[in-house]
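Trainee: Here's a sequence, model it:
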Amino acid sequence: MLDVSHLRWQICLIYFIFIQACELKAQCKQTYSWANWQNFTGNQATGNILVDNKVVSVTMSANYGFFSTTGIYRVDVFSKFSGYNAIPNATVPATQWSIGSGGKTTMCFSEPVTNPILLLASLGRTDFGNIIKVTLTFSEPYTVLHDAGGTTFIDSYSLSATEGNAIILFPGTFTCLTIYSETPENYTNLTWGLQPPLFPVNIATSQECDKVTLTASGGSTYKWSGGETPNGASNVVRTSGVYSVTATDQNGCTSIALKTITLSPKTALTSALSKTICQGDSYAGYKSSGTYVDIFKTTGGCDSTRTLNLSVLDIPKITLDKSREICEGQSTELNPALTLTNSPVNYKWTTGETTPKISVKQAGLYSVTIANGICSTIASTSVTVNQQPTIKPDEEICLNSAPIRLSSGAVANRLTYLWQPANSTDSTLVVMQAGQYQVTVTTGAGCKASRTIMVRATPQIELGADQMICDGATVDLVPTISSSGQSSTYRYQWSSGATTKMLTAGKPGLYKLTVSQGVCHATDSVKVDVSPVPRILPDTTTCTDKLLSAGGLESNLTYFWQPSNETTSTIKAQQAGTYKVTITNKYNCSAIRTILVTGSCMATVFAPDVFTPNADQVNDTFKLIVMDGLQIRLTIYDRWGAVIYSGESSNPQWDGKYKDEECLPGVYPFVLLYKSLNNDELHEHRGSLSLIR
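Mentor: Got it, this is the predicted structure:
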């Protein structure tokens, strides 16, 4: 028979333990207190949280406007959260997170709070084909308290969602937290709550070379957010970051703690270093070229090994004159001598130049630094500039009369002189003729200055006797010049302002010319008188029947006709043509008058005696022709003397009508008034005509 008494005892013991565990778990009262929101003012709202019989206010403010809804959108998605029944489905903020980029939302509590909780409902959007993914970044690290779906938890400071729902907790004690976003959306409901920790959780750290051991205390069991042993009190992590631990006590209550870990380099470092120093220097205690190995220990236990390759360079050696002397206006080349080194070198002068040698003109101290990349040396030299002798500038003088004495133009002691081309060493030089002379003056320091003296012969000019011209004529004034100088070097200046050698004069007056060569010049003048030409009549046109008058308007005149070669004041034109007469007065000044002889003086009239105005376009009008004349007026009469037509024009014509009525055939008298082209006399031509139809 089977003895079941022992089995019954075991069953009772298990049941007792289960009942005890249930009773112990029932003793944990994990409470959540949520904000009651009010006072929405556009970009700010205030909520009150009742916790431990005390009101803590929370203020939400943003750099954009937000609104509120009367409940949490789809609050039932949080039904699996252990504190779901405490979530108030009442008025809560509705935020679009930003308007454009740079959204900033700040949550501040009226006093420091521990482990504040943030509920996010419907973060991002997927309705009607629109997919808006919103990323939030927090000023403090968080841990996930409840994931209701749709949310990607990027790291401890940021998350993103497309229609996401989550409850997150910020371990620690805070007064303000800030949320950043750059993506606007439809809206997200959010609210804040507090979960007072039921017991404290502490985290101790122990760091080694490539890892940190985190040890939690205060609970019975532990759950870490990462690491190699996430389900124990001690957890090993090998990367930097924020790690959270959820501790559960013997009553089943939980508390959360957070720790930020920054790890040193993962392994011990092994490095190689090449270093170059100058002869006489040291590095890390070493002064000679070679390879050296050093070991360095750190507090984290990660020892590092360094291999040093040390090179020692020679310092460049240079030689440069201590001093130099030059004269004003001269230059000197500074070219230091360099002793060969074991590496290339570069130069840097105090003038800023970087060439091996430089040319200088100014007095002063010049230094050059010669370096081979690491080592350098400096050399200096002093440059003295000696003053040039003070001497007068170049000059030109005139040799009005020989001899003349030339001065060197220098005044000082201890000077020497050399004249060229005379090869004289006196301070002055006597010359007898024009030419170019140069003197070189030298000081005791060897500084020289020269000047050139140009001795020029004074030119002699002659403009000749005074001139007499006729009014309207011109005379060329040309000087005759005698001088030993070159004519190409002459300069001319007339009193009229002209600067040419020859001047054409057409007005009376005194003309003065100055001819210069260098500083030498001579002057002469000539008087020009202008005589009047004869006064005569203007050119004219006449006919062959008249005498031609020369047209002189004053006495004591002489005449010469062309082409007849006559010398009287009047002549008779033998035929049509052009006649010119030259009229000369007592000053031998002439004027020419031209007379055009065109033909007979009288005009000739041709008048038809019959016309037939019958509209056959043949002889339909009565008109006259005047040769060498001009028609003025045509008048036609009837047999009783009454005027039936009168026309004044250069070509009058009668069409055989009177007051638009055709005249009867018959004989009609007429009178033509005309004048000759060669004179202004008026003439009449009378006649009669026969009208035939």
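Trainee: could you list every residue that touches the closest residue to residue 97 other than its chain neighbours?
Mentor: Of all residues not flanking residue 97 in the chain, residue 181 sits nearest, at 3.9 Å (C-beta to C-beta, 6 or more residues apart in numbering). The C-beta positions use only the backbone N, C-alpha and C, and glycine is treated the same way. Going by C-beta atoms under 8 Å, 6 or more residues apart in numbering, residue 181 touches 97, 98, 103, 105, 134, 135, 136, 137.
Trainee: The fifth one bridge partners, please.
Mentor: This points to residue 134. With DSSP bridges as the criterion, residue 134 is bridged to residue 161.
Trainee: Check it and give its pLDDT.
Mentor: Here the pLDDT value assigned to residue 134 is 92.
Trainee: swap in the one 5 residues further on?
Mentor: Per-residue pLDDT puts residue 139 at 94.
Trainee: How about it: what's its closest non-neighbour residue?
Mentor: Per C-beta to C-beta, 6+ apart, closest to residue 139 is residue 178, 4.1 Å.
Trainee: cool, and residue 350?
Mentor: The spatial neighbour of residue 350 that comes closest, neighbours along the chain excluded (C-beta to C-beta, 6+ apart), is residue 367 at 4.8 Å.
Trainee: partner residues bridging the one you found?
Mentor: residue 380.
Trainee: now do residue 189
Mentor: Beta-bridge partners of residue 189, counted by DSSP bridges, are residue 94, residue 121.
Trainee: Give the burial count for it, as a bare number.
Mentor: 21 (other C-beta atoms under 10 Å).
Trainee: circling back: the residue nearest to residue 97 bridge partners, please.
Mentor: Here residue 181 shows beta-bridge partners residue 103, assigned using DSSP bridges.
Trainee: Just the pLDDT at it, thanks.
Mentor: 92.
Trainee: Then residue 667?
Mentor: Note on residue 667: pLDDT of 95.
Trainee: State whether it is indeed within a helix.
Mentor: No: counting by DSSP: H, G, I helix; E, B strand; the rest coil, residue 667 is not found in a helix; it is strand.
Trainee: returning to that earlier point: separation between the residue nearest to residue 97 and residue 120?
Mentor: Residue 181 sits 12 Å away from residue 120, taking C-beta to C-beta, to the nearest Å as the criterion.
Trainee: From residue 315, how far off is residue 379?
Mentor: Going from residue 379 to residue 315 by C-beta to C-beta gives 12 Å.
Trainee: scratch that, residue 568
Mentor: Counting by C-beta to C-beta, the gap from residue 568 to residue 315 is 121 Å.
Trainee: So, low pLDDT: which residues of the stretch 251-400 of the chain?
Mentor: Under the criterion pLDDT under 70, the flagged ranges of the stretch 251-400 of the chain are 264-269, 296-303, 340-342.
Trainee: Okay, now stretch 489-507: how far is its last residue from its first?
Mentor: End-to-end span of stretch 489-507 (C-alpha to C-alpha, to the nearest Å): 30 Å.
Trainee: Oops, could you answer that again for stretch 234-242 instead?
Mentor: End-to-end distance of stretch 234-242 (C-alpha to C-alpha): 16 Å.
Trainee: tell me the contacts of residue 258?
Mentor: Contacts for residue 258 were tallied using C-beta under 8 Å, 6+ apart; they are 141, 143, 171, 172, 203, 242, 243, 244.
Trainee: and what of residue 456?
Mentor: Counting by C-beta under 8 Å, 6+ apart, residue 456 has contacts 396, 397, 398, 399, 434, 485, 517, 518, 519, 520.
Trainee: So which of those sit within strands?
Mentor: Counting by DSSP state E, these place 396, 397, 398, 399, 517, 520 in strands.
Trainee: can you give me the helices in the chain?
Mentor: Here the chain has its helices, by DSSP state H, at 5-26.
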